[in-house]
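Asker: return a 3D structure for these sequence lines:
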Amino acid sequence: MTRLVSALVAALALVAIPTAAGQLAATPRNLPSYTVPNAPGSIRVPAPLSRPPARPEVRSYEQLVTLWRQAGDGYGVPWQVLGAINKIESGYGQNMGPSSAGAVGWMQFLPSTWLRWGMDADGDGLANPWDPEDAVFAAARYLAAAGAHESIERAIFAYNHAQWYVDDVLAVAGTMRGASFTAGPTNTLTDPAGELEARLAQARRRVARLSHALDLALGNVDGRQRTRLRLERRLGNPNLSDAEFARLDAELARLEVAERSSSSEIDRLQGAFAEAVDALKRIKQQQQEIAFGAGLAGGGYVFPVAGEASFSDDFGVPRPTTWHHGNDIFAARGTPVVAVADGTLISVGWNDVGGNRLWLRDAAGNGFYYAHLSEFSPRAQDGARVEAGDVMGFVGDTGDAAGTAPHLHFEIHPGELESMGYDGVVDPYPYLTAWKAGAAAGGQQSFDGWVFPVGGGPASVSTAHTHHDYPAADIAAPVGSPVYALHDGVVVKTFPTDSGRCGIGLVLRTTIGEEFLYCHLSSLEPAIVRGRSVDAGELVGRVGSTGNSTGPHLHLGVVPSTRYPQAEPWFQAFAGVAFRWQDAPTPERPAPTANARPTLLRTPAPSGPVFRVVRTTRIIHFTRG
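Answerer: Numbering: from 1, shown residues only. You can find the predicted model right below:
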């Protein structure tokens with residue numbers, strides 16, 4: 001969303017508040033550039049960087065307002081956004097970590113990011129994330145580097161890669177005292193991104209309202225079923241008088257009328273719910289095109305794996321010292337890896353993290369990073385020119401992926417974010433989805449809108465046609481394997497702690513009205529909460545063995561458990577692609593050919609939804625026992 005940030009900041013006068021010891025009297029001159037990160041070794045930091053100080057710095061709210069304004073004025077960033085991030089990340093310095101992801105200090109920087117963008121704002125000779133002046137100015141610098149002058153939302157997303165985080169920061173920023181802050185434009189010109197943001201908020205509210213209405217309607221079904229059972233039992237009493245029998249029979253007839261009306265209402269709500277989720281997806285796609293341009297999602301690009309593959313939106317997932325800068329595309333070892341566009345290869349070789357890795361730069365200046373290849377093709381040489389579809393290597397598990405399921409780690413670095421260095425990335429998922437839709441050589445990533453719920457491929461994922469005591473699927477996979485939303489829908493329940501028979505899990509209501517129970521996960525993704533709308537293939541958690549489980553697997557059940565998920569056509573379509581059968585031969589899929597160059601189509605991004613939505617009849621509400 002385009003923002004006239006500099007004009008906004010210039011309009012905010014600094015309040016005259018006495019400074020405390022250590023607080024800056026004015027905005028420092030000669031601030032470090034936000035267009036160029038720190039050179040290695042150019043700043044002096046505490047040792048070790050992750051150790052909290054024995055006596056943390058303390059600032060009053062008035063002093064912090066002055067600091068936010070100074071840093072915002074220095075880098076052209078709305079001070080309210082800095083204040084909101086300060087509040088959300090550390091509670092104004094009350095909870096400075098280190099966090100579970102390793103983030104530290106007043107503004108919760110990862111150490112690797114601090115080394116690139118940290119600064120010594122108070123002039124004490126130390127760039128210290130535990131110091132409020134250094135941390136807030138560094139945050140303003142990072143946001144400016146991430147494009148805050150053009151789109152404050154995009155800059156906040158770069159700070160923490162989650163849309164809910166952007167929403168929370170903007171909401172808190174709007175409550176900051178002093179000059180008002182809104183996410184809308186400061187001029188009267190048409191702002192398409194601003195209109196999309198408003199439409200997105202409205203679409204989310206509609207999805208939430210319809211999901212709640214479905215909950216109530218399905219709850220009424222439960223109540224009527226109990227009433228019907230009670231009436232039928234009483235009508236079976238041979239000692240009833242004729243008058244009492246007639247009264248109960250009339251009550252049962254009225255109940256049947258109400259049930260028919262309720263069924264129609266549930267069908268209507270399910271249809272409206274599916275349309276609302278579909279509208280939400282279209283708005284998200286339009287936002288991606290405005291934020292980063294439609295070029296990457298359009299013609300001229302192809303899917304990077306020439307064979308059967310599965311992937312999910314695991315961008316931004318925390319790592320021990322950083323966060324996931326791309327998506328992992330799982331495929332059989334040796335599946336050809338191809339150039340997504342015409343371009344030039346650079347940095348072809350090995351490092352301990354990426355293993356066999358390379359970079360591809362296209363004519364538009366966009367960079368694409370490929371990692372964990374088992375080996376390179378003869379074409380993969382530094383400086384070599386390649387065309388879209390050329391085989392550059394093969395899927396593997398080299399580098400720090402050793403021992404995991406074979407996959408390609410893939411990143412997109414748009415040319416316009418080059419000043420941010422390695423952190424100048426965008427989520428590859430929407431682009432991979434668009435490119436996958438145009439690939440002629442590839443397996444079933446989706447089947448009528450369904451995605452297989454466990455990643456890793458048939459080498460490590462398996463299930464049987466039946467379950468030991470009632471209809472369900474126990475999908476065996478290694479601990480930590482990714483678990484995905486199997487269809488577009490809304491999370492209607494979560495079980496975030498290891499308690500009860502299910503352990504950690506969730507209930508997903510799909511856009512076609514069916515509900516699925518996920519159990520025995522090792523963890524849920526932080527963003528997976530009740531009411532969250534999810535896309536098919538979105539990462540929701542990891543395989544585990546919590547609850548009443550004898551080993552690592554995903555327990556997948558239809559709610560209520562009236563049929564086997566593995567008997568469904570969509571589930572069986574993934575046999576040999578995403579899993580293997582434990583109790584029967586698994587269909588053979590065509591093996592990828594390493595020698596022949598794959599024939600790939602270049603097609604524009606789909607103009608409508610990627611997955612088809614089909615309506616079904618009403619469902620029965622499920623209560624977890």
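
Asker: from Val451, how far out is the spatially most central residue of the chain?
Answerer: In the chain, the centroid-proximal residue (CA atoms, centre = their mean) is Asp313; its distance is 5.3 Å. Counting by CB to CB, to the nearest Å, the gap from Asp313 to Val451 is 11 Å. The C-beta positions use only the backbone N, C-alpha and C, and glycine is treated the same way.

Asker: mutual contacts of those two, please.
Answerer: Shared contacts of Asp313 and Val451, defined by CB atoms under 8 Å, 6 or more residues apart in numbering, comprise Gly537.

Asker: would you mind measuring from the residue nearest to the centre of the chain to Gly505?
Answerer: From Asp313 over to Gly505 (counting by CB to CB), the distance is 20 Å.

Asker: next one: Trp106
Answerer: Going from Trp106 to Gly505 by CB to CB gives 36 Å.

Asker: the residue nearest to the residue nearest to the centre of the chain when sequence neighbours are not counted: what's it in contact with?
Answerer: With sequence-adjacent residues excluded and distances taken as CB to CB, 6 or more residues apart in numbering, Asp313 is closest to Tyr429, at 4.0 Å. Residues near Tyr429 by CB under 8 Å, 6+ apart: 311-313, 315, 327, 537.

Asker: what about the longest helix in this protein?
Answerer: When the chain is parsed with DSSP state H, its longest helix is helix 242-292.

Asker: circling back to that earlier point, neighbour-wise, which of the contacts of Tyr429 leads?
Answerer: Gly537 (30 neighbours; other CB atoms under 10 Å).

Asker: tell me the angle the helix or strand harbouring Arg230 makes with helix 242-292.
Answerer: Element membership of Arg230 [criterion: DSSP states H and E] is helix 192-235. Relative orientation of helix 192-235 versus helix 242-292 (axes from the mean of the first three to the mean of the last three CA atoms, to 10 degrees): 160 degrees.

Asker: quick one: distance of helix 192-235 to the chain centre.
Answerer: The chain centroid and the centroid of helix 192-235 are separated by 25 Å under CA atoms, centre = their mean, to the nearest Å.

Asker: what separates the closest residue to Ala279 other than its chain neighbours from Ile475, distance-wise?
Answerer: Residue nearest to Ala279 in three dimensions, not counting chain neighbours: Ala203, with 5.4 Å by CB to CB, 6+ apart. Separation of Ala203 from Ile475 (CB to CB) stands at 32 Å.

Asker: remind me which residues of the protein are low pLDDT?
Answerer: The model of the chain has pLDDT under 70 over residues 1-27, 29, 177-197, 218-219, 221-222, 281, 284-300, 319-321, 437-448, 588-625.

Asker: and the chain, what are its domains?
Answerer: According to automatic domain parsing, the chain comprises the domains 5-189, 207-288, 309-427, 462-581.

Asker: can I get the ones you listed in TSV including distance to Arg199?
Answerer: Compiled in TSV, the domains of the chain are given as follows (distance: least, CB to CB, whole Å):
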stretch	distance to Arg199
domain 5-189	13
domain 207-288	5
domain 309-427	20
domain 462-581	14
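
Asker: for Ala434, which of the ones you listed is the nearest?
Answerer: Within the domains of the chain, the stretch nearest Ala434 is domain 207-288; the backing value is 8.9 Å (CB to CB).

Asker: quick one: the closest one to chain centroid distance?
Answerer: Distance, centroid of domain 207-288 to centroid of chain: 34 Å (CA atoms, centre = their mean).

Asker: name the SS class of the closest residue to Pro46 other than its chain neighbours, please.
Answerer: Distances taken as CB to CB, 6+ apart put Asn128 closest to Pro46, at 5.6 Å, once the chain neighbours are dropped. Assigned with DSSP: H, G, I helix; E, B strand; the rest coil, Asn128 falls in the coil class.

Asker: which parts of this structure are helices?
Answerer: Taking DSSP H to define them, one finds helices in the chain at 5-10, 61-75, 79-90, 111-117, 132-145, 152-159, 163-173, 192-235, 242-292, 429-437, 569-572.

Asker: send the alpha carbons of stretch 529-546 over as CSV?
Answerer: Extracted in CSV, the C-alpha atoms of stretch 529-546 (Å, rounded to 0.1, in the frame of the first residue of the first chain):
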residue,chain,number,x,y,z
VAL,A,529,-5.9,-20.3,16.0
ARG,A,530,-9.7,-20.7,16.1
GLY,A,531,-11.3,-18.6,13.3
ARG,A,532,-8.2,-18.5,11.1
SER,A,533,-8.9,-19.0,7.4
VAL,A,534,-6.4,-21.2,5.7
ASP,A,535,-5.5,-22.1,2.1
ALA,A,536,-5.1,-25.6,0.8
GLY,A,537,-1.5,-26.5,1.4
GLU,A,538,-0.9,-24.0,4.1
LEU,A,539,1.4,-25.3,6.9
VAL,A,540,-0.7,-25.9,10.1
GLY,A,541,1.7,-28.0,12.2
ARG,A,542,4.1,-30.8,12.5
VAL,A,543,3.8,-34.6,12.8
GLY,A,544,4.2,-35.9,16.4
SER,A,545,2.9,-38.6,18.8
THR,A,546,1.0,-36.6,21.4
